[in-house]
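>>> only geometry, no sequence info:
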Ligand SMILES: [Zn+2]
């Protein structure tokens, strides 16, 4: 970016942008390091350790293991108001191992987790932006408190409601989230929907399936009947309600009638009350299945999040910073790579987006995906930037989503995203009127909605969900780890 385009922005922002330009390599290396750790939800031990360590080395005071999440952290720097929070995820997904930079499906480790959504970049962007703001604070350009939250297990929509419930956001004035995308964009209004997930465990009686099946009560039958019941209910769901599941236990071998079987269900709706409605219906369907099979049902809540909403003031602020930063000027090689990838996966060969998106107001329908940052967005004004680090047409959680993630497309998109994030935080710290306006529009936006966490006050997360994946694949993934630690100078 040329100097002249910085005209009119504060000295703090100029300092932060210069810092990020100078440290573009470290930012890319950090994103790559997380990519190759490829740690699934709740197993982000090395990813969170690296992010927290970089912040600690920079002088942030780090509290690890917040809200009972071993891979969560809060890093704080500065004092007094305003209190601005950054939060992001860094988890990979099961079965998503993909060699980056190639134009075909190729696992690095067969069956292993991997990054096919770009959360490696989200974590890196957050930390790079935080360090850039901290340097601007050190230089006396702006003041306040910066709280950086490492949020585990976004892919299980898990951790941030607990952070909110446990009071970590009580003193926060404004919060920012970042996420990779194919576009450079921001928005306000309802953006993503509410989600709740729970285990439905049925207990019955084993018996020999050939000799005396009448002695058994088949727990797997209950799982199947509940599945059929939800399938019938689908016709009567409202358009954006969702129900999806995996069978987590279907028995051990067919000649033993399973005395235990379970399914892990996830329900969604645009509102927190709607998701409660689907859950209550599913509970009754599950109880019906238990009654039909003479089994007993135990329901165990895994996670529950509010929809994601974005604040108008902070969206406008992010947009104004996007206008300053601009879309990366993609090279011919980057465009050619993007087009080849699009061709390979049967999508229109349109290359990378050349322009930033105009500000998006409230969507007619929010995206039928969820993010556990939803709860934060009802507690304090929250803004989110989607930074352009992936190729249009590629699909999250599909191998094509993993292909660009260590290329210059992700690296340069991440740099642009970090600048926007740092710029917006500096704007908040530099002018009290910005935060006051965000608070004012936030109160108007949420109106009479009473935020109550969907997770009960006594609920504790199950942090062992993916422990088996790490035990199985961790040693096989280790040879791919990057050996140089990123250095921000
Ligand atoms: Zn994501």
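Cool, got the structure. From a predicted model like this one, the values you see are computed outputs, not experimental measurements.
>>> residue at max distance from the center of the protein?
Centroid-distance maximum for the chain: residue 211 at 50.1 Å, with Cα atoms, centre = their mean.
>>> phi, psi of that one?
phi -80, psi -50 (degrees, to the nearest 10).
>>> worst-scoring helix or strand of the protein, pLDDT-wise?
Sorting the helices and strands of the chain by mean pLDDT, DSSP states H and E puts strand 189-192 at the bottom, at a mean of 94.
>>> Pull up the pairing partners for the helix or strand that that one is followed by, direction included.
Using DSSP states H and E, the helix or strand that follows strand 189-192 towards the C-terminus is strand 194-203. Take DSSP bridges as the rule and strand 194-203 pairs in its sheet with strand 260-269 (antiparallel), strand 296-305 (antiparallel).
>>> Which strands or helices does the following helix or strand past strand 194-203 pack on?
Using DSSP H and E, the helix or strand that follows strand 194-203 in sequence is helix 219-234. With contacts taken as 3 or more Cβ pairs under 8 Å, 6 or more residues apart in numbering; DSSP states H and E, helix 219-234 sits against strand 194-203, strand 242-249, strand 260-269, helix 272-293. C-beta here means a position set from N, CA and C on the backbone, and glycine is covered the same way.
>>> for the third one, the distance to its chain's centre please.
When C-alpha coordinates are averaged (Cα atoms, centre = their mean, to the nearest Å), strand 260-269 and its chain have centres 20 Å apart.
>>> Residue 18 and residue 137, how far apart?
The gap separating residue 18 from residue 137 is 15 Å, by Cβ to Cβ, to the nearest Å.
>>> tell me the mean pLDDT over stretch 205-221?
For stretch 205-221, mean pLDDT rounds to 97.
>>> Give me the buried stretch members for that stretch, please.
206, 207, 209, 216, 217, 218, 219, 220, 221 (16 or more other Cβ atoms under 10 Å).
>>> ok, the second one to residue 79 distance?
Spelled out, it's residue 207. Residue 207 is 67 Å from residue 79, where distance means Cβ to Cβ.
>>> Let me know the closest of the buried residues of stretch 205-221 to residue 71.
If you rank the buried residues of stretch 205-221 by distance to residue 71 using Cβ to Cβ, residue 219 comes first, at 32.7 Å.
>>> show me the contacts for the closest one.
Residue 219 makes contacts with 202, 203, 204, 251, 258, 259, 260, 261, 262, 293, 295, as judged by Cβ atoms under 8 Å, 6 or more residues apart in numbering.
>>> Can you pull the phi/psi pair for the residue positioned nearest the centre of the chain?
Residue closest to the average C-alpha location in the chain (Cα atoms, centre = their mean): residue 154, at 4.0 Å. For residue 154, the backbone dihedrals (degrees, to the nearest 10) come out as phi -60, psi -40.
>>> same check, this time on residue 68
Residue 68 adopts backbone torsions of phi 80, psi 10, taken as degrees, to the nearest 10.
>>> just checking, it touches residue 460?
Yes - between residue 68 and residue 460 there is a contact under Cβ atoms under 8 Å: 6.1 Å.
>>> need the helices and strands packed on helix 219-234 in a markdown table with distance to residue 431, can you?
A markdown table is the format used below for the helices and strands packed on helix 219-234 (distance: least, Cβ to Cβ, whole Å):
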| stretch | distance to residue 431 |
| --- | --- |
| strand 194-203 | 33 |
| strand 242-249 | 41 |
| strand 260-269 | 38 |
| helix 272-293 | 33 |
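>>> Using a markdown table, lay out those together with mean neighbour count and distance to residue 183.
A markdown table is the format used below for the helices and strands packed on helix 219-234 (neighbours: other Cβ atoms under 10 Å; distance: least, Cβ to Cβ, whole Å):
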| stretch | mean neighbour count | distance to residue 183 |
| --- | --- | --- |
| strand 194-203 | 23 | 23 |
| strand 242-249 | 15 | 24 |
| strand 260-269 | 22 | 23 |
| helix 272-293 | 18 | 27 |
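>>> right, and those - which one's nearest residue 360?
strand 194-203 (20.1 Å).
>>> If you compare the directions of that closest one and strand 242-249, what angle comes out?
Using axes from the mean of the first three to the mean of the last three Cα atoms, to 10 degrees, the direction of strand 194-203 lies 30 degrees away from that of strand 242-249.
>>> Now residue 310: closest residue in space, sequence neighbours ignored.
Of all residues not flanking residue 310 in the chain, residue 188 sits nearest, at 4.7 Å (Cβ to Cβ, 6 or more residues apart in numbering).
>>> what does residue 365 give?
For residue 365, ignoring the flanking residues on the chain, the nearest one in space by Cβ to Cβ, 6+ apart is residue 240 at 6.3 Å.
>>> Pull the contacting residues for that neighbour.
193, 268, 269, 270, 365, 366, 368.
>>> cool, residue 134 as well?
So residue 134 contacts 58, 59, 60, 77, 78, 146 (Cβ under 8 Å, 6+ apart).
>>> What helix or strand is it located in?
In the assignment (DSSP H and E), residue 134 maps to helix 119-138.
>>> Give me the buried positions along that helix.
Buried-residue list, helix 119-138, by 16+ other Cβ under 10 Å: 119-137.
>>> and the next element down the chain from that helix?
As assigned by DSSP H and E, the chain's next helix or strand after helix 119-138 is strand 145-150.
>>> Just the angle for that next one relative to helix 119-138, thanks.
Relative orientation of strand 145-150 versus helix 119-138 (the same axes, to 10 degrees): 160 degrees.
>>> Can you name every helix or strand that strand 145-150 contacts?
On a contact count with 3+ Cβ pairs under 8 Å, 6+ apart, strand 145-150 meets helix 45-57, strand 73-78, strand 83-88, helix 119-138.
>>> Correct me if wrong: residue 42 contacts residue 71.
Yes - the pair residue 42 / residue 71 is scored as a contact, 6.3 Å apart, by Cβ under 8 Å.
>>> any residues in contact with both of these two?
Common contacts of residue 42 and residue 71, defined by Cβ under 8 Å, 6+ apart, comprise 152, 153.
>>> picking that back up, check the contacts of residue 134 and tell me the two furthest apart.
With Cβ to Cβ as the measure, no two of these lie farther apart than 58 and 78, at 11.9 Å.
>>> And the two? Which one has more around it.
More crowded of residue 58 and residue 78, by other Cβ atoms under 10 Å: residue 78, with 21 against 16.
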